[in-house]
Each structure stands twice: as structure tokens, then as C-alpha cells.
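Visitor: next comes the sequence, and after it the predicted model I'd like to discuss.
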Amino acid sequence: MALKHQAPRGTRDLLPAEIGRWQWAEARARDVLERYGYGEIRTPLFEDYELFARTSGEASEVVQKEMYRFTDLGERELALRPEGTASVCRAYLQHGLAQQGRIHRLWYMGPMFRYGRPQKGRYRQFWQVGAEIIGTAAPGADVEMIALFVDLFDAWGFKDLTVAINSLGTPETRARYAERLRAWLAPARERLSADSRQRLESNPLRVLDTKDPDELRLLHGEGGLGPMPRLLEVLDDESRAHFEAVRAGLVALGIAHELDHGLVRGLDYYTRTAFEVHDRALGAQSALGGGGRYDGLIEALGGPATPGVGFSIGLDRVLLMMEERGFAPEPTAAGVFIVAMEGTRLVAPMLARALRQVYTVDYDLEARAVNAQMKAADKGGARAVMLLGEEEWQRGEVVLKDLRTGVQQTVSLEGIVEALDRLLLGEPQGTEIP
Ligand code: AMP
């Protein structure tokens, strides 16, 4: 029978069996971000449509084709956020953060929404963790961003990633480059897809985002057009010096990186440094994360000229890769299962509630037979069971059984905490600790 309701196309339920990995990855990320001294920011899941249209660029793929745009009952034009940076910058301006300090280091984590064609690693609701440094144009900020970016992947167990970097220069650089690219591609116009031909008119840099194998061959200089022009060839002096300082900073930190002349990033507000990491094992949707400088963004929102640099990482893809590579988080601490008898039924919930202040505790909600309770303890992965025998309970005692060794001991109520500590923290049983 077909179910009447299913999660909308491109969205997923994350069930308890897999949530452990997510929580682990999120916790590792939080640790790293806090140690770097970044402050968490949480912004609404939807914003004025205009905010994204303005910052991402009306002509961008995200705005034109992927926006979850809607009108609310008050006739407001809104959109589910497709990314985090625009909201962070909006909040930065709205709350006058500039008056509270020159440089702000911020991070966020949460779901984003894009109406793309769902496939492996691409969803309509997906999770990002991201960070921003707002308020300085110093190349050192770009270097710190990339170091943080790499250290997040490191904390998740990815040790061998190479960061691809490029410089997009200033808007003038990009306009100059767009002309060069247009002229270079012109002889091959008829061989381009309809999409790319349209991009060639509106924004030739976007042609570099293509996934079409024939077009990729062209871009790699294998289509008779000769080598593709490079952004770095048209960089202004300041952007060039900035880029060199960033690269020197990365070298000093020993961060593996390589130049990627085709890296232009999908959103319009990027300036100067752009970076990404890919993992080919993900197939077509190989980008794990990316970022860059966006010195024009806050001004575009009506604020004073304020430089910024940031990145975002797709958590869904990180989790996919963790699974594929066999990275497993440490299992959560196993707990104790309370097994009650007929005369101690009411004791189990009371004892469980008290012990749950410290330990992971379970018991049988249905008051089934002892055998069924023992099976449930086993199935639930409990480390130990606490048997509430009627006579023992009358004497103020319980029986603790270590499910790994099968060893049983009778413990007085006052001794429960000490015994559980020893059992659940895994210290050896029955041996004197000198
Ligand atoms: P972007 O803002 O497009 O650079 O996205 C940053 C990261 O978010 C990408 O590198 C991906 O890992 C992830 N991402 C972007 N779009 C999606 C999507 N539709 N589904 C899953 N992850 C995504």
C-alpha cells in the first residue's frame, strides 16, 4: 500500500540509528569552533527574498532556479535560506555589531534549502556548518579561515584533503576576465549547451561551473581553443599581493593546497580568495565545502564597506564520506537495565528516574516477564542489569549483573552508585586497585 504521506522530495528523516554520527560530527565541529574563539549565531530559517536576491545575484543559479520562495499570509515576499552568509551579514548590520568591536568571528550550523534536482549528496534540505570573519581585509584572516576549515575536516577524520584555491580579484578583475573568457569561448559557442550559451551572455564565469564532460574538455584546453585564460593573469596588483600573502600563510602552516584556475564559486559576492575541498568519491556532487572573501557583500546590503571572509561545509556530504570511509564515532556509553519482579514493579521507574540523573538507565515499560526484560536488556546493548528481587529489595539490596562477564554481585542501596561507577566506567571487577 502506498503511504499517503512521505517526506517531501529531496528531504530526509534522520532516524535514531544514524543520528549518533550526526551528533558526533556536530559536537566535534562545535569543539573546534569554540577553541578557535568563534561565537555561535543563529538566524531565522527564512528571510526577505530580496536579501538573497541581492547578495547572491539575480542571475545566479541559486536565485534563478533553486530558491524556495513564497508569499506569507501578510503578503511578505520571503525565501527559505539557501545559505548562511547573507543572514549573518544582515544580522551583523541589524544589531550594529560593528559598534561592539572591529572584528567579529562567528559560526553557524543548521539546515539550508535549495530546490535542486535531488541525487546522492544533493538534497533540497541539507545542513551546513559555516564560519565568518567580518571586519578585516587582512590576508591573515583568509589564512585563519582556511586553517579552521581544514581543522574541522581533520576533527572528523579527514586527514588527507587538499584545499583548492584561486583569487577572484575585484569586481573589475572579474569583468576583465569575463571579457577574456567570452572572447576565448566565442569560436566554440555552437558546441556549448543552451545553459552555457546563456551564461556566456549573462555571466561567462558561470560557464566554469559546468559538469558537462564535453564542456569540461574544452575548459581543460583539449577542444582546440588553446589554454583557458586565467583569473590570475588579470589580477590587479593589490589582489595579487593579497593572494601571495595568503599562500605564504598557508605554506607557513603546512596546509596542503593547490591552485585551481577554474574555481570561481557559485555566488556573486565573492572577491579575492576563493577555496574549496572536493572528494571525488562523492561522484558528481563532490564539493564538501568552500568559501572565500566577500568584501562587497555588506555594502551591497546598504551597510558601510566592510570586508569579510568565510566558508560553509555541507554536513550531509561529510556524513556520507564518513560512512564510505568507515569512520565510526565512539559508541555512546552503555547503561544499566533495571529488571523488576512482580512485587518491585513500582520501584523500577522510581529508581530509574533517580539514577538517570547520572547514568543511562532503561527499564521495561510494559512490566513483562523477567525473561522478556532480560532479552530487552541484551537487545538494547546494556552493559549491566539491576535485578530488583522482592526479598533483596525488602533487605535494601539489589543484584547487579555484569552482562559482559556474567558476574553477579549483591549491592546495598547505599553502595549502588559506587558499584555502577565501577561497572559502567569499565574498571576491572573483583581486583584490588593498589
Ligand atoms: P555552497 O554555498 O554552494 O558553496 O555550498 C557549500 C557546501 O554545502 C557545498 O560544498 C556542499 O557540501 C554543501 N551543499 C550545497 N548544496 C547542497 C545540496 N543541495 N545538498 C547537500 N549539500 C549541499
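Guide: Noted; the coordinates are in hand.

Visitor: can you name the residue of the chain nearest to the ligand?
Guide: G314 (2.2 Å; Cβ to the nearest ligand atom). To be clear about C-beta, it is placed using only N, CA and C from the backbone, and glycine gets the same treatment.

Visitor: so that residue bridges to which residues?
Guide: Residues in a beta bridge with G314, per DSSP bridges, are Q128.

Visitor: which phi and psi does the closest residue to Y270 other than its chain neighbours have?
Guide: Closest residue to Y270 apart from its sequence neighbours, by Cβ to Cβ, 6 or more residues apart in numbering: G292 at 4.5 Å. When quoted as degrees, to the nearest 10, the phi and psi of G292 stand at phi 160, psi -170.

Visitor: show me which residues of the stretch 1-150 of the chain sit near the ligand.
Guide: 83, 114, 116, 121-123, 126, 128 (Cβ under 6 Å from any ligand atom).

Visitor: could you find the closest non-adjacent residue to P227?
Guide: G221 (4.5 Å).

Visitor: next up, phi/psi of the one you found, please.
Guide: phi 80, psi 20.

Visitor: quick check: it touching H261?
Guide: No: proximity of G221 to H261 does not meet the contact threshold set by Cβ atoms under 8 Å, at 10.5 Å.

Visitor: got any residues that touch both of those two?
Guide: Common neighbours of G221 and H261 are listed as M228 (criterion: Cβ atoms under 8 Å, 6 or more residues apart in numbering).

Visitor: comparing those two, which shows the higher neighbour count?
Guide: H261 (16 against 11; other Cβ atoms under 10 Å).

Visitor: give me the neighbour count for the residue of the chain closest to the ligand.
Guide: By other Cβ under 10 Å, neighbour count at G314 equals 23.

Visitor: am I right that it is in contact with G290?
Guide: No: contact criterion Cβ under 8 Å: G314 and G290 do not qualify, at 9.2 Å.

Visitor: what strand or helix carries L185?
Guide: helix 171-185 (DSSP states H and E).

Visitor: now that helix - C-alpha only, PDB.
Guide: This file holds the C-alpha atoms of helix 171-185, laid out as PDB (Å, rounded to 0.1, in the frame of the first residue of the first chain):
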ATOM      1  CA  PRO A 171      34.700  43.100  -9.400                       C
ATOM      2  CA  GLU A 172      36.800  45.000 -12.100                       C
ATOM      3  CA  THR A 173      39.100  42.000 -12.400                       C
ATOM      4  CA  ARG A 174      36.200  39.700 -12.900                       C
ATOM      5  CA  ALA A 175      34.700  42.000 -15.500                       C
ATOM      6  CA  ARG A 176      38.000  42.000 -17.400                       C
ATOM      7  CA  TYR A 177      38.300  38.200 -17.000                       C
ATOM      8  CA  ALA A 178      34.700  37.700 -18.200                       C
ATOM      9  CA  GLU A 179      35.500  39.600 -21.400                       C
ATOM     10  CA  ARG A 180      38.600  37.400 -22.000                       C
ATOM     11  CA  LEU A 181      36.600  34.200 -21.300                       C
ATOM     12  CA  ARG A 182      33.800  35.300 -23.600                       C
ATOM     13  CA  ALA A 183      36.300  36.000 -26.400                       C
ATOM     14  CA  TRP A 184      38.100  32.700 -25.800                       C
ATOM     15  CA  LEU A 185      34.900  30.700 -25.800                       C
END
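
Visitor: what's it packed up against?
Guide: Of the remaining helices and strands, none touches helix 171-185 by 3 or more Cβ pairs under 8 Å, 6 or more residues apart in numbering; DSSP states H and E.

Visitor: show me which residues of the stretch 201-350 of the chain are close to the ligand?
Guide: 266, 287-290, 312, 314, 316-317.

Visitor: for the residues you listed, which two are the farthest from each other?
Guide: Distance extremes for these: the farthest pair is G266 and D316 at 17.1 Å, using Cβ to Cβ.

Visitor: higher neighbour count, these two?
Guide: Taking neighbours as other Cβ under 10 Å, G266 and D316 compare with D316 leading, 20 against 17.

Visitor: model confidence for the more buried one, exactly?
Guide: Per-residue confidence (pLDDT) for D316: 97.

Visitor: who touches it in this structure?
Guide: 121, 123, 126-127.

Visitor: next one: L403
Guide: Counting by Cβ under 8 Å, 6+ apart, L403 has contacts 377-378, 382-385.

Visitor: I'd say the residue nearest to Y270 and V246 touch.
Guide: No: the pair G292 and V246 does not pass the contact test of Cβ under 8 Å, sitting 10.6 Å apart.

Visitor: quick one: common contacting residues for those two?
Guide: Common neighbours of G292 and V246 (Cβ under 8 Å, 6+ apart) are T273.

Visitor: just give the closest residue to D195, not the sequence neighbours.
Guide: Per Cβ to Cβ, 6+ apart, closest to D195 is T210, 7.8 Å.

Visitor: what is the burial count for the one you found?
Guide: Neighbour tally, T210, other Cβ under 10 Å: 18.

Visitor: and it, backbone torsions?
Guide: phi -60, psi 150.

Visitor: ok, the one 10 residues further on next?
Guide: Backbone torsions for H220, taken as degrees, to the nearest 10, come to phi -80, psi 10.

Visitor: who are the contact partners of it?
Guide: By Cβ under 8 Å, 6+ apart, the neighbours of H220 are M228.

Visitor: thinking again about what came up before, among the residues of the stretch 1-150 of the chain next to the ligand, which two are most distant?
Guide: E83 and G121 (16.6 Å).

Visitor: list the buried residues in the helix or strand of the chain with the lowest mean pLDDT.
Guide: Every helix and strand in the chain was compared by mean pLDDT, DSSP states H and E; the lowest is helix 61-65, with a mean of 80. The neighbour-count check on helix 61-65 (16 or more other Cβ atoms under 10 Å) flags 61-63 as buried.

Visitor: what is the neighbour count of Q409?
Guide: A total of 15 residues lie near Q409 under the criterion other Cβ under 10 Å.

Visitor: looks to me like it is in a strand.
Guide: Yes: under DSSP: H, G, I helix; E, B strand; the rest coil, Q409 sits within a strand.

Visitor: next, the contact list for the closest residue to it other than its chain neighbours, please.
Guide: Spatially, and ignoring its direct neighbours in sequence, Q409 is nearest to L400 (5.4 Å; Cβ to Cβ, 6+ apart). Taking Cβ under 8 Å, 6+ apart, we find L400 in contact with 336, 384-387, 408-411, 416, 419-420, 423.
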